[in-house]
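K.L.:
no sequence for this one, just the structure:
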């Protein structure tokens, strides 16, 4: 290990007046949903001779998706009213910053969310990455809230040190909904842009590659948790 190599630094910057007032970004691994925390790794009612009883708690790909990157939470509490089966969405708040604003339907004509109007959450954290790094902004992975869905986007945050707002569609049922301060709204995953430039091959596997795949698949079934203990990179 190179002790003198500096790790890339991700910065979340806010207006000094907002420090300790708005909800701060949080490592995604620190805000796992309650249902997931309470879920046992093994369901004893299913565990038997023909069933390991393993639950998704032991699914490392599921967990790693949830714990990658950072979560930007809602800065302050918002009340959102959904009417006419989602065709009309209004929002209100007491905070002294704009929390939700509107986009025009013409901007997303023909979108898969249909008649639901696009809105956007206002974010008061500037995200700054090292040169060559961008950020992927997505709906918090494996955390559906049944109320809104963020529209994904990539921003070159090394060249754009400004506030980024997050468009969304309200997907919840009609009624008044309170979205509390601190609610996860966006997952931020920084990445190096040059990784996307890796050379690609699309072809049939060789005999050796096929044998390696078969051997790996057999190892997975030979030992409970083999992927977690032998294949998964250390975190």
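P.N.:
Yep, it's here. Please read these numbers as outputs of a predicted model, since none were measured by experiment. Numbers count the residues shown, from 1 in each chain.

K.L.:
And for the closest residue to residue 100 other than its chain neighbours, the neighbour number?
P.N.:
Residue nearest to residue 100 in three dimensions, not counting chain neighbours: residue 91, with 3.9 Å by C-beta to C-beta, 6 or more residues apart in numbering. No exception for glycine: its C-beta is placed from N, CA and C like everyone else's. Other residues near residue 91 come to 19 when the count uses other C-beta atoms under 10 Å.

K.L.:
OK, contacts around residue 91?
P.N.:
Residues near residue 91 by C-beta atoms under 8 Å, 6 or more residues apart in numbering: 78-81, 99-100, 119.

K.L.:
Go through these and flag which are in helices.
P.N.:
Filtering those for membership in helices, criterion DSSP state H, returns an empty set.

K.L.:
Any quick PyMOL command for the buried ones out of these?
P.N.:
In PyMOL, this line selects whichever of these come out buried by 16 or more other C-beta atoms under 10 Å:
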select buried, resi 78+80+99+100+119
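
K.L.:
Need phi/psi at residue 58.
P.N.:
Backbone torsions for residue 58, taken as degrees, to the nearest 10, come to phi -100, psi 10.

K.L.:
Pull the contacting residues for it.
P.N.:
Taking C-beta under 8 Å, 6+ apart, one finds 41-42, 225, 228 in contact with residue 58.

K.L.:
mind redoing it with 10 Å?
P.N.:
Going by C-beta atoms under 10 Å, 6 or more residues apart in numbering, residue 58 touches 39-42, 52, 224-225, 227-228.

K.L.:
Ok, residue 147 next?
P.N.:
Taking C-beta under 10 Å, 6+ apart, one finds 80, 82, 168, 170-173, 177, 179, 183 in contact with residue 147.

K.L.:
run the last query once more with 7 Å
P.N.:
170-172, 177, 179 (C-beta atoms under 7 Å, 6 or more residues apart in numbering).
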